[in-house]
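S.K.: Quick one: sequence and predicted model below, then my questions.
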Amino acid sequence: MKVSYYAKTDIGLLRTENQDSYGIGEDFYVVCDGMGGGVAGAFASQLAVEVILKSYKTINDEQVRDIIGDDLAKIGNDINSAIPIVTVMLANRMLYNLTIKYRKLAGMGTTVVMCKVDREYNILNVYHVGDSRLYRIREGNIKLLTKDHSKINDLLDGGKIAESDIKFVENQSIITRALGIASSVKVDYQQYDYKPGDFYIMCSDGLNGEIDDNSIKDIVNRNSAGLAFTVNELISSANHAGGKDNTTVIVFTIDDDGQPVKLSKDIQKDPLSFSVDDLEKNLYEDRILKKISKKLTVEIPKNLIKEKKLENIYIYIYVVAFITLLTFFGYYFFAKKNEKKIYNEKLNEVSGIILNIRHLKKDKLKTIMEVDNYHYRRQLLEEAKSFYKNYSFNFINAIVFIEEKKGYNKFIALSGSYPIKIYLPVGEYRMLLKYPRYSLVDNNLNIVKYLDLSISLTGGLEEKVILMVPNSLGE
């Protein structure tokens, strides 16, 4: 099969910047529509495209399996089809990390629609988050191959409105899924067979938001001999209809080149969703991104990561005066605050966790390691944990991950003090505790690589005694 394409992006008539981006790989096409204040939307879409294209070339099969896990079985353990799913997850993670690091990037995000042509089996793989779209025109008829992740579609699926009522719904542009909004993202995946003569139109909502599907179909059918003419007329028609948004269009067509293809395999006709919301896997994604980030060329706009310098001398004077006042009154306020904090702790009006992390003393560790009897060893460990003043000494620098069981809030800390005291709102949490090169003793006196604990905070500070042992101690 021979694949031909043409791509273009346009700022439109009303916008002051273009927040759309697109990317082209080998039989691989990406369209992203950014969102966010300032130039954050443009940066989000550009970065997402680059992370997707770069990671597509660099990630290996083992990394794909580690990230997707058991869900890989849903697509018959097809690594080639799963790689783009992981690239989208990595792009999401990269954007999300930046929104946490730089406050001016808060709210930044982007949609994505991707297509990967599998020439071996005549299959089109489609990956999708948000409301950017993919259309197919076959034998003159148009069909939408993606489903918008939008407020309107949620209302339609829930039976709360009819299609005839769509034009009366407020805030029609609200999307319910995008990259960069949360630490994990749900990616939709589906396969389609392709035939010689098919036309595929990938676009941001600047196109379908201005002209209807039939108009798109007529333009493609009228210009089928030239893809550049097709793309230019689609964008011109969107601008002529109002041009209120940026418009990006990629049109590609697949023709028979006379080369043999394999017999068609089973096609994943029903859409599948893939999501990884796991602290361990999120950190694994971060390690992969650390290597990929060295190859990226998109830079964060400086005005989004640096505060403007104070240039007015009077502002400096006011700042100095303010700091001077703080110096006089600081002790009073901080002393009162600390006093109140201690008072609240005594009254159980705050909630949190105190982690008493301990390590076996050398003589006790040696005793336990010399014991061959499993039950006797467990008894010694129980004594070491119960009577830690005699059997262990203080230990710091543990890695703590905490997430709310309901919600997106996550807390990550590398402790540099003892004991570890973590203040959190009342609620249900999951805590992951680990330390490089060491194991831990769980509540059942088993030696594990990390502790995965459920914590219910109802007020006050809950103390947990954690015993750490060398990996050499065994199971």
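M.R.: Cool, got the structure. Residues are numbered from 1 along each chain as shown.

S.K.: Below-threshold pLDDT in the stretch 201-350 of the chain: ranges please.
M.R.: Low-confidence segments of the stretch 201-350 of the chain, defined by pLDDT under 70, span residues 258, 260-265, 306-316, 318, 324-325, 327-350.

S.K.: Could you check what's spatially nearest to Phe229, not counting adjacent residues?
M.R.: Beyond its immediate neighbours in the sequence, the residue positioned closest to Phe229 (CB to CB, 6 or more residues apart in numbering) is Asn223, lying 4.3 Å away. Yep, even glycine has a C-beta here, placed from its N, CA and C like the rest.

S.K.: For that neighbour, which residues are in contact?
M.R.: Contacts for Asn223 (CB atoms under 8 Å, 6 or more residues apart in numbering) come out as Phe229, Thr230, Glu233.

S.K.: Put the buried members of the residues you listed into a ChimeraX selection.
M.R.: Those of the contacts of Asn223 that meet the burial criterion (16 or more other CB atoms under 10 Å) are gathered into one ChimeraX selection, given here:
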select :230,233
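
S.K.: which stretches of the stretch 301-450 of the chain form strands?
M.R.: In the stretch 301-450 of the chain, the strands defined using DSSP state E, counting those that start in this stretch lie at 351-360, 392-394, 399-404, 410-414, 420-423, 427-434, 438-441, 447-448, 450-457.

S.K.: What helices and strands are in contact with the shortest one?
M.R.: Under the contact definition 3 or more CB pairs under 8 Å, 6 or more residues apart in numbering; DSSP states H and E, strand 447-448 sits against strand 438-441.

S.K.: Quick check: can you name the pairing partners of the strand it packs on and their directions?
M.R.: The strands beside strand 438-441 in its sheet (DSSP bridges) come out as strand 447-448 (antiparallel), strand 460-470 (antiparallel).

S.K.: Any chance of JSON lines for the ones you listed, columns mean neighbour count, distance to Cys115 and mean pLDDT?
M.R.: Output for the strands paired with strand 438-441, formatted as JSON lines (neighbours: other CB atoms under 10 Å; distance: least, CB to CB, whole Å; pLDDT from 0 to 100):
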{"stretch": "strand 447-448", "mean neighbour count": "16", "distance to Cys115": "44", "mean pLDDT": "83"}
{"stretch": "strand 460-470", "mean neighbour count": "17", "distance to Cys115": "49", "mean pLDDT": "78"}
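
S.K.: between these, which gets nearest to Gly209?
M.R.: Nearest to Gly209 among the strands paired with strand 438-441 is strand 460-470 (51.8 Å), distances taken as CB to CB.

S.K.: tilt between the closest one and strand 351-360?
M.R.: Angular relation of strand 460-470 and strand 351-360 on a 0 to 180 degree scale: 20 degrees, by axes from the mean of the first three to the mean of the last three CA atoms, to 10 degrees.

S.K.: Now do the phi/psi pair for the closest residue to Asp205 other than its chain neighbours.
M.R.: The spatially closest residue to Asp205, leaving aside those adjacent along the chain, is Asp131, at 5.3 Å (CB to CB, 6+ apart). In this entry, Asp131 is assigned phi and psi values of phi -120, psi 10 (degrees, to the nearest 10).

S.K.: can you check the one 3 residues further on too?
M.R.: Leu134 has phi and psi values of phi -130, psi 130 when expressed as degrees, to the nearest 10.

S.K.: what's the neighbour count on it?
M.R.: Counted with other CB atoms under 10 Å, residues neighbouring Leu134 total 24.

S.K.: same thing with Pro84?
M.R.: Around Pro84 sit 25 other residues, with neighbours defined as other CB under 10 Å.

S.K.: before we move on, what about the one 5 residues further on?
M.R.: Burial of Met89 is recorded as 26 neighbouring residues (other CB under 10 Å).

S.K.: Contact partners for it?
M.R.: When contacts are counted by CB under 8 Å, 6+ apart, Met89 is found next to Ile67, Ser184, Val185, Val187, Phe274, Val276, Glu285.

S.K.: List the buried residues of stretch 43-60.
M.R.: Residues of stretch 43-60 classed as buried by neighbour count (16+ other CB under 10 Å): 43-56, 59.

S.K.: Pick out the most distant pair among those residues.
M.R.: Every pair in these was compared (CB to CB); the two farthest apart turn out to be Phe43 and Ile59, at 22.9 Å.

S.K.: from the buried residues of stretch 43-60, which single one is nearest Gly206?
M.R.: If you rank the buried residues of stretch 43-60 by distance to Gly206 using CB to CB, Ser45 comes first, at 12.3 Å.

S.K.: Contact partners for Ile175?
M.R.: Contact analysis of Ile175 by CB under 8 Å, 6+ apart lists Thr111, Gly130, Asp131, Asp148, His149, Ser150, Lys151.

S.K.: cool, and Asp10?
M.R.: Applying CB under 8 Å, 6+ apart, the residues near Asp10 are Asn18, Gly206, Ile235, Ala238, Asn239, Asn246, Thr247, Thr248.

S.K.: now, which of those lie within strands?
M.R.: Using DSSP state E to define strands, the subset of those located there is Thr247, Thr248.

S.K.: Neighbour-wise, which one of the contacts of Asp10 leads?
M.R.: When the contacts of Asp10 are compared by neighbour count (other CB under 10 Å), Thr247 ends up highest, at 31 neighbours.

S.K.: how close does that residue get to Ile24?
M.R.: According to CB to CB, to the nearest Å, Thr247 stands 17 Å off from Ile24.

S.K.: do Gly226 as well
M.R.: From Gly226 across to Ile24, the span is 18 Å (CB to CB).

S.K.: So between those two, which is more surrounded?
M.R.: Ile24 (14 against 11).

S.K.: so which strand or helix has that one?
M.R.: Ile24 belongs to strand 20-25 when elements are defined using DSSP states H and E.

S.K.: Which other helices and strands does the helix or strand just after that strand contact?
M.R.: Under the assignment DSSP H and E, the closest C-terminal helix or strand after strand 20-25 is strand 28-35. For strand 28-35, the helices and strands in contact under the criterion 3+ CB pairs under 8 Å, 6+ apart are strand 20-25, helix 40-58, strand 109-110, strand 112-118, strand 198-203, strand 247-255.

S.K.: Just send these back as TSV, with distance to Leu98 too.
M.R.: Written out in TSV, the entries for those read as follows (distance: least, CB to CB, whole Å):
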stretch	distance to Leu98
strand 20-25	16
helix 40-58	8
strand 109-110	11
strand 112-118	16
strand 198-203	25
strand 247-255	22
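
S.K.: Which of those sits closest to Lys290?
M.R.: When the helices and strands packed on strand 28-35 are compared for distance to Lys290 using CB to CB, the nearest one is helix 40-58, at 12.0 Å.

S.K.: Tell me the strands beside the strand holding Ile24, with direction?
M.R.: Paired with strand 20-25 in the same sheet, following DSSP bridges, are strand 28-35 (antiparallel).

S.K.: Report the buried residues of the strand it pairs with.
M.R.: Counting neighbours by 16+ other CB under 10 Å, one finds that the buried residues in strand 28-35 are Phe28, Tyr29, Val30, Val31, Cys32, Asp33, Gly34, Met35.
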